[in-house]
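# Need the 3D shape of this:
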Amino acid sequence: MTTLDFAERIESGVPQLLQMSAQEKLDAFDAGSKYLDSPKAQPVREAISEALIKMGYGEYSARLDPQMLIDFLSRQSLEMVVDNRAALPGGRDLLDGETVPIGYDVTLAAFPVGPVVVIGSGNSLVPGLVAAVEALLANCPVALRGSRVNREALEMAISALRSAGNSTLTALLEHLHLFFLDHRVPGEAEQLYRLLRIGPFAAGCFWGGREALDRLIAEFGQNPRHPVVIAMEPLTGVAVISQRHLDAPSSAPVQSIARGLAEAVLVMGQQLCSSPTEAYFVGRREQAESFGSAVARELAGIAPRHARAVSDAYAIRLDRLRERAAAEGATVIGPAHDAPDWTLLISDQKSVSGALSADLTVGVHDRTGFLEIITVPDIAAAAAAIHALPSQPTHGEVGQVQTVLRLIEKDEARELVGHLRATGGGVYRVVPSEYVARRHPHEPLDGQHLVSLLTRQVVIL
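Predicted coordinates:
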């Protein structure tokens, strides 16, 4: 079947999806979650992970992806998505065609926007599937373009869900159309662009680098249906640590906090949008160095589980960077024998990268286990650094900071958000380190509730 063949019939899926209640869909996806988590499906989970490892994923992240999918598809998770009143007035009732009162003598109904195209990410198979599942819950059939990097794993995951033995889930998956056209391959690119220009889509959800997004969205913008564009631009994460939090009686032991940060730095090769690529320590230099030593111990212990191959050129550049950073006054900590597996820098007030030549700095998308901890005097200074980060030479490829890992007290976090709001910028999430690779079901996806964006609200006066 060609791409245009499924495009010609995707619209007919809308009325078919409307015949399934939200509860039936939740039951079906939960059955899929239970099946994937069962002993019977263990060989499939292993095969998915091995397929990802074969394509260059780190072992830890490759084994994390199937578990993240299991957790997302569970009833507990998806119920919080469809019943979140911040996303949908009336929750699942709105999806089921009920009218929902929203004010004096005013009610609300909703229609699905229509077919959705999703261009998935290469660093994880989960985001594309998250968007696809939320679209199906909103009664929108989906065309999901997977990445060539995770194609085999993605196909296995969908095949496994079809094998779960749930007829409703099988029927739902009939409205999830997988295709693989690479925008970097000339012949395939033109097929993909043509699909975006003329396909019967009401919305599109796009992951990718800036260059790819610019081209894909420009092509999609030519579609005469004027579909909604949901762009997941390149983002990054940071961590904010305060000595006050480390000293708080209610906090976990310092080594446990350090372990959380080390895991967050290494997860998915530091290429996850939430993985911290810079950190700010509210406190004195000696306190930051003490905490940095604790982080270094954890990095040394867990880095082998996250091993990711680096080029000789990267290793040589990293060695020169470490030497130069130390000469500029930064504290440099790394593995024995100067191995390139991880690097920790501790500097005062500003990044040491500003004192390095361009050929020595490590850009945000080149980092592998590389973290600079910068001491700042207060929360306001941390907020200012976060706001300015995308304008720095090392981070110019990202649109903004997505995630702040909260290694500070809750009131400090609220103060941080207040300062960020005052700049007119901001971040998308402030979360504990255990949320670096997962999301709370109530969280919007980069500031947007997909199930809401894919539901057209109709006011009845």
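# And stretch 70-80, what's buried?
Ile70, Asp71, Phe72, Leu73, Ser74, Ser77, Leu78, Glu79 (16 or more other Cβ atoms under 10 Å). For glycine as for every other residue, the C-beta is placed from the backbone atoms N, C-alpha and C.
# could you say which helix or strand contains Thr168?
Applying DSSP states H and E as the criterion places Thr168 in helix 167-173.
# do Leu136 as well
helix 126-137.
# what mean pLDDT would you report for that helix?
The average pLDDT within helix 126-137 is 94.
# quick one, helices of the stretch 151-300 of the chain?
Along the stretch 151-300 of the chain, the stretches classed as helices by DSSP state H, counting those that start in this stretch are 151-162, 167-173, 186-198, 210-220, 243-247, 254-266, 285-302.
# To Gln23, which of the ones you listed lies closest?
Of all these, it is helix 167-173 that lies closest to Gln23, at 10.2 Å by Cβ to Cβ.
# Can you name the residues in contact with the closest one?
For helix 167-173, the surrounding residues in contact (Cβ atoms under 8 Å, 6 or more residues apart in numbering) are 16-17, 20, 24-25, 27-29, 31-32, 136, 158, 161-162.
# Cross the residues you listed against helices and list the overlap.
Among the contacts of helix 167-173, DSSP state H puts 16-17, 24-25, 27-29, 31-32, 136, 158, 161-162 in helices.
# What about those, which one has the most neighbours?
In terms of neighbour count, Gly32 stands highest of the ones in helices among the contacts of helix 167-173 at 30 neighbours, by other Cβ atoms under 10 Å.
# For the nearest residue to that one once chain neighbours are set aside, give its distance to Val133.
Spatial nearest neighbour of Gly32, excluding adjacent residues (Cβ to Cβ, 6 or more residues apart in numbering): Leu161 at 4.5 Å. For Leu161, the distance to Val133 equals 10 Å [Cβ to Cβ, to the nearest Å].
# cool, Arg421 as well?
Applying Cβ to Cβ to Arg421 and Val133 gives a distance of 31 Å.
# now the helix holding Leu136 against helix 151-162, angle please.
For helix 126-137 against helix 151-162, the angle by axes from the mean of the first three to the mean of the last three Cα atoms, to 10 degrees is 40 degrees.
# phi, psi of Gln448?
Main-chain dihedrals, Gln448, degrees, to the nearest 10: phi -130, psi 130.
# shouldn't it be in contact with Ile230?
Yes: Gln448 is within contact range of Ile230, at 6.4 Å (criterion: Cβ atoms under 8 Å).
# In terms of neighbours, single out the busier of these two.
Looking at Gln448 and Ile230 with other Cβ under 10 Å, you find the greater number of neighbours at Ile230, namely 20 against 15.
# Quick check: bridge partners of the more buried one?
Cys205 (DSSP bridges).
# Quickly list the domain ranges of the protein.
Segmentation of the chain into domains, based on automatic domain parsing, reads 3-233+454-460, 236-435.
# Span of stretch 176-190 from start to end?
22 Å (Cα to Cα, to the nearest Å).
# Can you list the buried residues in that stretch?
Leu176, His177, Leu178, Phe179, Phe180, Leu181, His183, Ala189.
# Could I get these in TSV, plus columns for distance to Ala86 and pLDDT?
Putting those into TSV (distance: Cβ to Cβ, whole Å; pLDDT from 0 to 100) gives the following:
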residue	distance to Ala86	pLDDT
Leu176	26	96
His177	30	95
Leu178	31	94
Phe179	33	93
Phe180	35	91
Leu181	35	89
His183	34	84
Ala189	38	90
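# For Ala279, state which of the residues you listed is nearest.
Closest to Ala279, out of all of the buried residues of stretch 176-190 and judged by Cβ to Cβ, is His183, at 34.0 Å.
# who's in contact with that closest one?
Ala189, Leu192, Tyr193, Ala212, Arg215, Leu216.
# ok, now with 6 Å
Ala189, Leu192 (Cβ atoms under 6 Å, 6 or more residues apart in numbering).
# where does this structure dip in pLDDT?
Along the chain, the parts satisfying pLDDT under 70 run over 1-4, 268-271, 305-309.
# mind checking how far the residue nearest to the spatial centre of it is from Met232?
The structure's the chain has its C-alpha centroid closest to Cys273; by Cα atoms, centre = their mean the separation is 5.3 Å. Between Cys273 and Met232 the distance, using Cβ to Cβ, works out to 8 Å.
# which neighbours do Leu161 and Val133 share?
When contacts are counted by Cβ under 6 Å, 6+ apart, Leu161 and Val133 have no shared neighbour.
# Once you drop chain neighbours, what's closest to Ile241?
Leu407 is the one closest to Ile241 (Cβ to Cβ, 6+ apart), at 4.1 Å.
# what sits against the residue nearest to Arg317 when sequence neighbours are not counted?
Leaving aside its sequence neighbours, Arg317 sits nearest to Leu360 (Cβ to Cβ, 6+ apart; 6.5 Å). For Leu360, the contacting residues are Arg320, Leu321, Arg324, by Cβ under 6 Å, 6+ apart.
# which one of these is nearest Pro43?
The closest of the contacts of Leu360, once distances to Pro43 are taken by Cβ to Cβ, is Leu321, at 43.3 Å.
# so who does the closest one touch?
Leu360.
# Can you list the buried residues in the strand or helix carrying it?
Here Leu321, judged by DSSP H and E, is contained in helix 312-327. Buried positions in helix 312-327, judged by neighbour count with 16+ other Cβ under 10 Å: Arg317, Leu318, Leu321, Arg322, Arg324, Ala325.
# what do you get for stretch 137-152?
Buried-residue list, stretch 137-152, by 16+ other Cβ under 10 Å: 137-147, 149-152.
# And for stretch 81-91?
Those would be Val81, Val82, Asp83, Asn84, Ala87, Leu88, Pro89, Gly90, Gly91, for stretch 81-91 by 16+ other Cβ under 10 Å.
# so what's the second one closest to, chain neighbours aside?
This points to Val82. In this structure, Val82 finds its nearest non-sequential neighbour in Arg92, 4.5 Å apart by Cβ to Cβ, 6+ apart.
# and the one you found, how many neighbours?
So Arg92, with other Cβ under 10 Å, has 21 neighbours.
# so what's it up against?
Arg92 neighbours (Cβ under 6 Å, 6+ apart): Ala22, Val82, Asp83.
# Could you check how far the nearest residue to Ser293 once chain neighbours are set aside is from Ile373?
Ranked by Cβ to Cβ, 6+ apart and with sequence neighbours excluded, the top spatial neighbour of Ser293 is Ile333, at 7.2 Å. Computed as Cβ to Cβ, the Ile333 to Ile373 distance reads 10 Å.
# Likewise for Val362?
From Val362 to Ile373 the distance is 15 Å (Cβ to Cβ).
# okay, these two: which has more neighbours?
With neighbours defined as other Cβ under 10 Å, Val362 and Ile373 compare such that Ile373 has more, 24 against 19.
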